[in-house]
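**Student:** below are the sequence and a predicted model for it; my questions follow.
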Amino acid sequence: MKLNFSSGLLAVLLVSLLASCGGSKTPKNAQGQLIGVSPRPKYFPPVPYGMVYVPSGTFHMGPSDEDLNYAYTARNKSISISGFYMDATEITNNEYRQFVQWVTDSIAHVMMGYVKNDGGEDYIDWKKKINYRDKSTIDQLDGMMYAPEDRLYGRREFDVRKLVYHAETFNWEQAKKRENANVSRSKFIVKKDVAIYPDTLCWIRDFSYAYNEPMTRMYFWHPAFDNYPVVGVTWHQANAFAEWRSKFWEDYRISKKLFTEDKFQLPSEAQWEYAARGGREQTPYPWGGYYIRNKKGCLLANFKPGRGNYPEDGGFYTVRADAYWPNDYGLYNMSGNVAEWTQDIYYENAYSFTSDMNPYLRMDVPDNAVPKMKRKAVRGGSWKDIGYFLQTGTRSYEYQDSAKSYIGFRCTIAFLSRSKNDFGHR
């Protein structure tokens with residue numbers, strides 16, 4: 001007798017036969033039981049260099065004292081935050097220069113032809129080193145240099161406007177929408193080129209009729225300022241740094257056959273305020289208490305004391321990123337020194353509708369949008385601000401495409417284990 005199988009029935013039988021034989025992913029010791037895919041390596045979360053652990057917890061987000069002019073832009077709200085790592089200090093000039101150097105080397109490698117092809121894709125061959133002191137090498141990189149008419153005394157120098165980082169991110173906000181469930185993944189990949197060199201002219205642009213030219217000429221590159229916070233970076237540049245930092249670490253861990261971690265990013269407003277408080281409830285400053293001086297009369301942060309006695313706190317402009325005492329989480333200069341970019345858009349009434357669990361209000365808008373849409377939340381106050389802006393609950397903002405001599409940033413990254421007893425966090 002001849003048997004006729006429909007294509008659908010044949011497919012079902014084939015799958016059944018394959019499953020009964022045991023696939024390559026089926027554990028040998030499963031014995032027909034549900035035991036998960038094995039073997040799986042044990043996971044011990046690495047502590048990113050220069051970061052400290054901020055444990056999960058709940059706090060009252062908002063001012064600990066009366067709001068300035070009763071503006072009510074930060075009403076008190078109970079918020080729960082999951083654990084994360086945060087940079088102990090603001091990102092320093094020397095750390096940001098690693099990013100600048102990487103971008104410079106990447107462009108130079110491509111111009112020199114130091115590229116290898118793998119599966120149709122071009123990759124930079126990092127094993128080939130570039131000697132920037134070699135004249136013939138510099139001749140080949142002439143396209144990266146200032147044009148002859150832009151040179152001082154004929155010196156060949158890199159044109160920093162050509163240092164552009166190519167960032168690729170995933171738009172989760174669009175991907176989560178139900179109507180996009182079956183849309184191609186490529187529709188949510190955002191590719192953007194970002195000029196990454198800090199705006200050193202901010203030192204003379206921010207202050208009219210003030211002699212700050214030495215800071216413009218020296219602050220970013222001179223070794224005297226290596227461990228000082230980087231400034232003159234826009235919100236876009238801070239995000240590009242976080243993207244590069246994520247990829248830089250991810251590439252290394254993949255090369256060593258290690259698990260990759262989550263992405264570095266700017267902190268949300270809630271993360272920043274929770275970390276700044278250092279576990280202290282309803283205290284206006286990271287060190288607790290109601291005063292900016294200790295019992296000996298010493299100032300506890302770098303800001304603008306009195307009516308403008310800038311050097312009284314020990315620094316005329318910025319100070320070292322690890323100056324003063326850290327808060328109880330081990331974080332330095334959460335108040336003063338430089339104000340810090342956060343991930344969130346600045347919206348006056350945000351606390352009324354954002355979640356009470358890891359609140360987050362990011363919105364990517366083009367630089368040609370109306371000014372109100374380009375506002376990004378800035379926290380912590382800076383060396384040129386009065387004491388009110390040093391309070392942990394005080395909110396302020398700056399435009400995403402602005403670079404200031406008093407705004408820097410630090411990064412966070414998620415802590416992937418949620419148990420208090422896991423991996424040494426006891």
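**Tutor:** That came in fine, so what should we check first?

**Student:** if I look at Lys372, how far off is Tyr347?
**Tutor:** From Lys372 over to Tyr347 the distance is 9 Å, taken as CB to CB, to the nearest Å. Heads up, the C-betas are built off the backbone N, CA and C, glycines and all.

**Student:** looking at these two, which is more packed in?
**Tutor:** Taking neighbours as other CB atoms under 10 Å, Lys372 and Tyr347 compare with Tyr347 leading, 19 against 12.

**Student:** which stretches of the protein have low pLDDT?
**Tutor:** Within the chain, the segments meeting pLDDT under 70 span 1-28, 64-74, 418-426.

**Student:** quick check: Arg362 vs Gln265, distance?
**Tutor:** Distance from Arg362 to Gln265, by CB to CB: 9 Å.

**Student:** so where do the strands sit in the stretch 251-400 of the chain?
**Tutor:** Using DSSP state E, counting those that start in this stretch, the strands of the stretch 251-400 of the chain run over residues 339-345, 375-379, 396-399.

**Student:** now those as TSV including mean neighbour count and distance to Gly289?
**Tutor:** Shown next, in TSV, are the strands of the stretch 251-400 of the chain (neighbours: other CB atoms under 10 Å; distance: least, CB to CB, whole Å):
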stretch	mean neighbour count	distance to Gly289
strand 339-345	26	21
strand 375-379	24	19
strand 396-399	19	22
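
**Student:** turn those into JSON lines, including distance to Val110.
**Tutor:** JSON lines is the format used below for the strands of the stretch 251-400 of the chain (distance: least, CB to CB, whole Å):
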{"stretch": "strand 339-345", "distance to Val110": "30"}
{"stretch": "strand 375-379", "distance to Val110": "32"}
{"stretch": "strand 396-399", "distance to Val110": "33"}
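
**Student:** related to what we said a few turns ago, joint contacts of Arg362 and Gln265?
**Tutor:** By CB atoms under 8 Å, 6 or more residues apart in numbering, Arg362 and Gln265 have these common neighbours: Gln343.

**Student:** okay, the two: which has more neighbours?
**Tutor:** Legend: neighbour count by other CB under 10 Å for Arg362 and Gln265, higher for Gln265 (21 against 15).

**Student:** for that one, which non-adjacent residue is spatially closest?
**Tutor:** Spatial nearest neighbour of Gln265, excluding adjacent residues (CB to CB, 6 or more residues apart in numbering): Ala242 at 5.0 Å.

**Student:** is it correct that that neighbour falls within a strand?
**Tutor:** No - according to DSSP: H, G, I helix; E, B strand; the rest coil, Ala242 belongs to no strand; its state is helix.

**Student:** got the contact list for it?
**Tutor:** For Ala242, the contacting residues are Lys263, Phe264, Gln265, Leu266, Cys411, by CB under 8 Å, 6+ apart.

**Student:** again, but for Tyr360
**Tutor:** Residues in contact with Tyr360 (CB under 8 Å, 6+ apart) are Ser268, Ala270, Gln343, Asp344, Thr354.

**Student:** among the contacts of Ala242, which ones are in helices?
**Tutor:** Assignment to helices by DSSP state H places none of the contacts of Ala242 there.

**Student:** what helix or strand does Arg97 sit in?
**Tutor:** Taking DSSP states H and E as the criterion, Arg97 maps to helix 93-112.

**Student:** so what strands line up beside the helix or strand that that helix is followed by?
**Tutor:** Next helix or strand after helix 93-112 toward the C-terminus (DSSP H and E): strand 115-118. Note on strand 115-118: by DSSP bridges, its sheet partners are strand 121-124 (antiparallel).
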